[in-house]
Every structure is written in C-alpha cells, then in structure tokens.
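J.: model the following, please.
(2 chains)
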There are 2 protein chains.
Amino acid sequence: MNIDRANTEAVERMMEARPVLVGVGKALDVVPGMHENLLMHAGPPITWERASGPMRGAIIGALMFEGKANSPEEAEELIKSGKIALEPCHDHQSVGPMAGVTSPSMQMYILENKTHGNFAYSNLNEGYGKVLRYGAYDDSVLERLHWLNDVMAPVLRDAIEASGGIDIKALLAEALHMGDEGHNRNKAGSILFLKSLAPHVAKVAPNAEVASAILKDIGDNALSVLNPVMAACKAMADAAHGVEGSTIVTAMARNGTDIGIRVSGLGQQWFTAPCPQPKGLYFPGFTAEDASPDIGDSTITETAGIGGFAMAAAPAIVTFVSGTPQLAVDTTLEMYEITFTEHKYFTIPALGFRGTPTGMDIRKIVETGIEPRVNTGIAHKDPGVGQIGAGLVRPPMALFEKALMAYAEKYGF
Amino acid sequence: MNIDRANTEAVERMMEARPVLVGVGKALDVVPGMHENLLMHAGPPITWERASGPMRGAIIGALMFEGKANSPEEAEELIKSGKIALEPCHDHQSVGPMAGVTSPSMQMYILENKTHGNFAYSNLNEGYGKVLRYGAYDDSVLERLHWLNDVMAPVLRDAIEASGGIDIKALLAEALHMGDEGHNRNKAGSILFLKSLAPHVAKVAPNAEVASAILKDIGDNALSVLNPVMAACKAMADAAHGVEGSTIVTAMARNGTDIGIRVSGLGQQWFTAPCPQPKGLYFPGFTAEDASPDIGDSTITETAGIGGFAMAAAPAIVTFVSGTPQLAVDTTLEMYEITFTEHKYFTIPALGFRGTPTGMDIRKIVETGIEPRVNTGIAHKDPGVGQIGAGLVRPPMALFEKALMAYAEKYGF
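T.: Below is the predicted model of the structure:
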C-alpha cells in the first residue's frame, strides 16, 4: 500500500473534476433515492429526537412546505410518527447549507462532473436571515420557498439550458481572484453567476416583470451561487472518494448535533464527534448565548480546497466572520500543513498565485495536531428563528483520530 | 497661506464628493460648451499636426461616425481645414479613456456629485481590442458605436432613471474589496454595474432580445463601468479644484503626445511634458515597438486615489499589466509617500482596510523624487489598429517641477 500514491490519485481526481451546472429539476425526479416520504438533511445521520433547534425548525418548515402538515404541531406529530424518513443529503449525491433540509418537491441545481461523469445536487438559495435552512418556518419563509420553486426555478432551468451549462469550476477560480473564498463570501461568484444567466433569463422568462424580479433576486443575494458551488464541490469530492488506501477527507458535514467526516479509502462510514460551537460576529440583538452548535454541509467547500482554506483570497470577509486580514492569510497558510497538495486551478493572487491548500489528510491533521479551519453561518439554537451571525469554527481532532484508527484497522498499519 | 489647510480642504472635498450616475444624454444636449463642430479629446490641448497615431485614428473615426466624412481621407481633409475644433474633454467637465475622442452625437453618462452639485460626463465603453478610443475606425468599429449609441444608450438611460441613480462611489468602494483597482481592472465593478442595472434593463428594454443583448454586453465587457467610474473620479477631482493655495493635483491626462496636470490652487493652466512610453504585456502579435506613447484621461482614477494607487487591492491585475502581486502592494505603499491623505471611503482589505493613497501633492512628489504610478492600456502607434496591450507607466517628474515653479511664482514661496 503506497498511501502517497493513493492520495495523489484522490486529489488529482478532485482537482481534475469539472463540475458544470447543467440544469434544474425537482428532487423527486432527479435525486437518486429521493421518495415522497423522505427528507434529506445536512451532516451525518440524525433522528428527530437528537436533532438541534434549527434542524427541527427546518424539518417542520419542509413538511409544511410540502403540504404534509398545516401547522408546526402537525409537522412535529408527523415526524415523530416515523412515517417520514430522515437521511443525509450526502447519501443522495446532494449537499444542503445549514440544516440542509431538502424535500421531494424542492427544485434542485444539477451539477455534472464532465471529467468523471458523476452528478451532484443542491437546492436553491433563500438568502440571509429568516430562512428555512436556519430553522425558520413562518409564512414569509414558506412563501419565499414557493416563489423560488414555482417562479424562479423554471426560469433558471430554461436559462441554464439555453446557456449550454455554466462551468462552476471556472466561476470559482475567477471568484477567488475577486475576493471570495467560496463558502461564506460568495459576493463575486453570485454576480458572476448573474452575469452568466442574465442574457438567458431575459429571453426565457414568461414576461419582463418576472425576468426583472429574478435578476434582482440573484443579484441582491450575495449567496445565490452558494448552492451550485456546494454541489460543485460535492461533485469534486465524490470524484476523489473510494480510492483504496487514501487518507484524504472527501466529506465533512454537520447536522447541528454531530459533525462527521468520510475518508476516501474508508468507504461510506461516518466518523463523528459532537458539533463544536462557532465563534463570530452576531446580527444586532443576538449573542453567542443564542447560537446553535455548528451546522451544515457547506464544509464541502473546505473539503474541496476553498472556503476557510482559501481565506487569504478574501481578506474583506473578516468584516462578516470576525478576525483581521492577517488572520485570513494565516488561516490559509496553516491549512497547507494539513493538506496533501496545492490546487492546480484554484489560486490566490495575494500569495503569488499559490494554489489553495487541497485535500485534508487525516494523517497530517493527527500528526500536526492542527484542526481544519472553517467559515460558517451561525443559526439560532431554537427552531423558528433563523440566522443570527457568521463566524469561524474548527472541526475537532476526535474526528480525524477516529478515522485514523479505522484506517489502521482496515489497512493494518 | 497655510498649504496644509488648503490641501485638507481640497482632499476633504474630493473624498466627500458623492458622484451618482443619474442619466444618459447626447453630448450636444448635455455637455457644457459642446457644439456641432467640436470634437473633445483626452489630455491637454492638441492639434491634428501634433496628434499621435491613435488620436488621429479616433478623430477620423469620430468624423465618420458623425457622418461628416465618408472616408478616412475625407475626414483628414476636414480636420485639416480647421472647420472642426479640438478641445480637451477636461475643459468640458468630461473625461474619455485613451484617445477620448467624443463627438456631438455620442451618448454620455451623466454623473452628479450629490454633495457639491457639480456634474461630469463620459461616453459609453466599447470594450477591448479594435475600438475607436484606441484609434481603430473600420466598419465594425463604427457599427458597434452606432449600436451602443442607438440601441444600448436609450435603454441605459431609462434603466438608470428607473433605478433612481447608481451610486458609483459606493460601487467603487465595494469593487476595491473585490479585487479591482478601478482603472485597468474593473471586472467586479462592471458586474456590480450589471447587478444594479439588470432588473431595470429587463423592464425598460423594447423587447426581450434587446434586453438580452444589452445584459450580455455589459456583463461580458469587463470595462463596462470604466467610463462612469472615470466620470465619477472627474466629479470628485473637480470638487477639489480651485482651492486657493492647494498643491493637490486635480487632473492628470495624456493625449498621446503630451501629458499634462492641473493643480487645485493653480487655475486652469496645464503643466505638460512629453508622454512617457508604457511598459507592459502585449496581445499576441504585438511588441513594445508597436506601442503609442501613453494616452488617455483615465489617469483621473489615480488622481482620485484609485487605479494604480489602489493596486494592492487588485493583485490579480498583474496577469494583465505585468509584474508580481508584491509589485502591486509595493506600488500602493510607495504612493503613500506622495499623497496628502488616506481615503476615508476607499479602503484596501489586504492592507488592514487602510485608506487608499489620495491627493497627489506636487510638493511631496518633487521632494521625494517619486513619480506617480499608473496602470494603463496600450494603443498601437498607428491610426486604425487599436489596443495591443496593457501595462504600467510613470508620469514624468518634469510635470510636477513645472507646477511647483508656477506655484512658487504665484504664491511667492
């Protein structure tokens, strides 16, 4: 067993993957294994009983969105009845930011990795604040979800088709030269997304009013591209998964209770630990007391070599997540210590166009004692509230130690 | 005479100016002093006889665009006849990139400084390559100018009106956090411009095809916002002009033969020197041998504290203008030596959100011996060709020495 050779193959596959946004479709129609009574969620497997506040809020909201419940109480009753399955997005080639709760009727971005042929999916982004993925579910949240699903999604579907597909890898490479890190700062990426879509939206929208509303929504939502970006990272990470003997992390995700990782050479097993508490900046009226433990599949970005790992590309992000521009640089520099390679296509101008630190290596993490660094949004700990801030967090060492022990057991080192 | 007090007033006026894009109108209707037989041009005054190749090419093209000549030969005959006046854009509250040739029928962006009430103007941006402002004038160039003027401009006018005005100062502040420096790199600014306009373009365009074409044009042209940005800088610099005793540069511009500056406390006089030769990167098939001397009003950006002065905000620009990311940082750091203040609103994340070096002080330039640094496009030296590259250039010390001598003479120091 040559571990370095296995890891080289894994990261090569990750970097050579070329995820292209090729369409939009209903989860029930496009996501493998989706069915009428399934809700997908962020992170490793979770039950209602162990679910965090924002996860519970999002489950309630999704069941109401689906018309399976008419009130939060009905939704709670239904989920407790056991008639609704809960399964990780990651088990269905999908990823979802924050609670990541995705229901059968939701429209999904479809990403195709043109190099290796695998697909990945994510739902549409709702914007900031009081939104389902942060556990909010009032009428305004459900109304917005219906608008996204019924009005915006069909136009996006036709616009993406008319565009011939949007190369999200190329978009990301460009956004990293424009002050984004691709996880918590997607300002440039979202308007690059708008730039690609706008000429097609104007043509395929049913009328000028709808075209205008959609262009405004995509342009004003500085996270509009986050979900396609996450699905693109999932497509890249999945391409790197399953390489015999590889110690590269190919999934890292939190459900608000547990954080879990998967490792390329260790199959579908999740290695889990309790979710850490993020540190950051809070919206007016909220404090660290209100914060849910860390949550979301969005750490797929760090898994693919962007996000917190590329923070040196995004010094302005510190106004949103806390810290200083120097911290942004130091974060990236530190991540080189625990990654297997430097990205061939994602580069950081301020570091002399050095490639981003790519491919978390569980050996290096355990050897150096350096935990990864992640940028994240912060949800309120209670269901029904929403986003209350953004910050930084470090997935705990226990994850990587457990994985390394399993590796030793499997491969006999 | 307290020079520092005068300079403080000048730079305060420059920084507190708030230029907003409020409309689009025909030069003949909106530009003060424009008339049927006037062509405005970049830089200090110039005659046909002394004009550089790209300036001549743009004059020829503009006369053909106006229908005053049917061939380059007719245009040349007309301009030599003396029936067409040539005057600097700067004398008409206007600025034009590269040759800057602006004719009476051309549609202009209208910028209003909401703080001090002055206006500034610039024409529409044609994009890269074979374009009028770089001295090209073949049919494709004139066709594109007509499309910009006849199809795009009316839609932009209505879209800007519907938007209630676009705050270009705020746009610039944001673009500096997204890897732009506002002169030669306007990638982020141009798609922020698209973001502001798109919802309105979709509504006011005569039909979906036109809306689509305009959205594509603005989005694909990474310089689409350059002209409104230049006019915004002109509005800021004009606000700082005319402060008795001030040594701050309020205009710096090149016509391809002479480079000239104006100083806040020294009235309308131009202090000139021969244009330097830019150094940079050339498009395939061209070399430094083909390059025209430096040309254009776009140094109004450096005059207002962005462009080359803010290069540390835009490390990725070095792939376009030559140099290394370290050079980008060093350029900004050096410019602090010759400027009077640090900008209150234009900040550089990578330098800990330090304000950009703002307000070239002719005293400091002469004392330190440090010439300003400018990012620039490079035109072919012959008329009719167009852009052949982009690079860096330093306006010569003679400009500032002459101005300082005139200052000493006027103020008796």
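J.: how about the longest strand along chain A and chain B, touching?
T.: Longest strand of chain A, by residue count under DSSP state E: strand A:339-348. No: judged by C-beta under 8 Å from any C-beta of the partner chain, strand A:339-348 stays clear of chain B, getting no closer than 8.7 Å. Backbone N, C-alpha and C define where each C-beta goes, glycine included.
J.: go through that strand and flag the buried ones.
T.: A:339-343, A:345-348 (16 or more other C-beta atoms under 10 Å in any protein chain shown).
J.: let me know the closest of the residues you listed to A:Pro199.
T.: A:Tyr345 (25.6 Å; C-beta to C-beta).
J.: ok, the residue sitting nearest the centre point of chain A to A:Ile166 distance?
T.: By C-alpha atoms, centre = their mean, the mean C-alpha position of chain A lies nearest to A:Ser298, the distance being 2.5 Å. Computed as C-beta to C-beta, to the nearest Å, the A:Ser298 to A:Ile166 distance reads 20 Å.
J.: next one: A:Pro278
T.: For A:Pro278, the distance to A:Ile166 - C-beta to C-beta - is 31 Å.
J.: rewinding a little: mind checking if the helix or strand following the longest strand of chain A is in reach of chain B?
T.: Heading C-terminal from strand A:339-348, the first helix or strand you meet, by DSSP states H and E, is strand A:354-360. No: applying C-beta under 8 Å from any C-beta, one finds strand A:354-360 separated from chain B by no less than 9.9 Å.
J.: what is the orientation angle of strand A:354-360 with strand A:339-348?
T.: Orientation of strand A:354-360 against strand A:339-348 (axes from the mean of the first three to the mean of the last three C-alpha atoms, to 10 degrees) gives an angle of 140 degrees.
J.: counting contacts, what elements does strand A:354-360 pack onto?
T.: helix A:3-16, strand A:249-255, helix A:325-335, strand A:339-348 (3 or more C-beta pairs under 8 Å, 6 or more residues apart in numbering or on different chains; DSSP states H and E).
J.: quick one: which of the ones you listed is nearest A:Ala51?
T.: Of all these, strand A:249-255 comes closest under C-beta to C-beta, at 7.3 Å.
J.: neighbouring strands - and their directions - for the closest one?
T.: Take DSSP bridges as the rule and strand A:249-255 pairs in its sheet with strand A:258-263 (antiparallel), strand A:295-296 (antiparallel).
J.: what about those, which gets the closest to A:Ala69?
T.: strand A:295-296 (22.2 Å).
J.: tell me which parts of chain A are close to chain B?
T.: Counting by C-beta under 8 Å from any C-beta, the residues of chain A that sit close to chain B are A:177-180, A:187-188, A:191-192, A:194-196, A:198-203, A:205, A:208-209, A:211-213, A:215-216, A:219-220, A:315-316, A:318, A:324-326, A:349-353.
J.: what's the end-to-end length of stretch A:96-112?
T.: Distance between the two ends of stretch A:96-112: 17 Å, counting by C-alpha to C-alpha, to the nearest Å.
J.: avg pLDDT for that stretch?
T.: Here stretch A:96-112 scores 98 as its mean pLDDT.
J.: which residue ranges of the stretch 151-300 of chain A form helices?
T.: A:153-163, A:168-175, A:187-204, A:208-220, A:226-240, A:300-303 (DSSP state H, counting those that start in this stretch).
J.: got the CA positions of the third one in CSV?
T.: The C-alpha coordinates for helix A:187-204 follow below in CSV (Å, rounded to 0.1, in the frame of the first residue of the first chain):
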residue,chain,number,x,y,z
LYS,A,187,-20.3,38.1,-3.5
ALA,A,188,-18.3,38.0,-6.7
GLY,A,189,-19.4,34.4,-7.5
SER,A,190,-23.0,35.4,-7.2
ILE,A,191,-22.7,38.3,-9.6
LEU,A,192,-20.6,36.2,-12.0
PHE,A,193,-23.5,33.7,-11.8
LEU,A,194,-25.9,36.6,-12.6
LYS,A,195,-23.6,37.6,-15.5
SER,A,196,-23.8,34.1,-17.0
LEU,A,197,-27.6,33.8,-16.5
ALA,A,198,-28.9,37.3,-17.2
PRO,A,199,-28.9,37.3,-21.0
HIS,A,200,-30.8,34.0,-21.0
VAL,A,201,-33.2,34.9,-18.1
ALA,A,202,-34.2,38.0,-20.2
LYS,A,203,-35.1,35.7,-23.1
VAL,A,204,-36.7,32.7,-21.4
